[in-house]
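1. just the structure for this:
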Amino acid sequence: MQVLRTLFWVLLAVVAVVFAVNNWTVVPVRLWAGLTAEIMLPALLAIVFLAGWLPTWLLLRASRWRMKSRLTASERQLAELRGPSAEPTPLPAPAPSGVPTAVPPGVA
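-> Take a look at the predicted model:
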């Protein structure tokens with residue numbers, strides 16, 4: 001499965017490089033108050049991609065952190081509610097092998 005994942009990312013990188021090489025042109029971007037910025041098309045697409053991906057990724061990381069902290073707090077609270085009785089009781093120690101055990105009558 002790791003080979004397929006690596007192959008996918010390599011193919012995606014090759015497609016991105018081919019696209020960037022074939023579209024390496026200056027694109028004018030009109031900003032506010034008559035300002036114009038000239039930027040290469042692949043760089044513009046990378047900036048737009050990051051502007052859409054980064055907030056979503058940050059939201060995901062924040063929600064995962066919040067859920068993990070809530071789970072930890074819930075587990076801690078559950079352990080406190082169970083108290084010391086939740087600890088497993090020790091099993092009785094086995095009899096030493098040299099000591100004979102009593103045999104019930106009629107079993108011999």
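
2. roughly how far does the residue positioned nearest the centre of the chain sit from residue 33?
-> Nearest residue to the geometric centre of the chain (Cα atoms, centre = their mean): residue 64, 7.9 Å. Distance, residue 64 to residue 33, by Cβ to Cβ, to the nearest Å: 41 Å. Backbone N, C-alpha and C define where each C-beta goes, glycine included.

3. just residue 11 next, same as before
-> From residue 11 to residue 33 the distance is 43 Å (Cβ to Cβ).

4. now do the helices in the chain.
-> 2-22, 41-82 (DSSP state H).

5. need the ones you listed in a markdown table with mean pLDDT and distance to residue 106, can you?
-> Below are those laid out as a markdown table (pLDDT from 0 to 100; distance: least, Cβ to Cβ, whole Å):
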| stretch | mean pLDDT | distance to residue 106 |
| --- | --- | --- |
| helix 2-22 | 95 | 67 |
| helix 41-82 | 95 | 46 |
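
6. can I get the ones you listed in a markdown table with distance to residue 105?
-> Formatted as a markdown table, the helices of the chain follow (distance: least, Cβ to Cβ, whole Å):
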| stretch | distance to residue 105 |
| --- | --- |
| helix 2-22 | 68 |
| helix 41-82 | 45 |
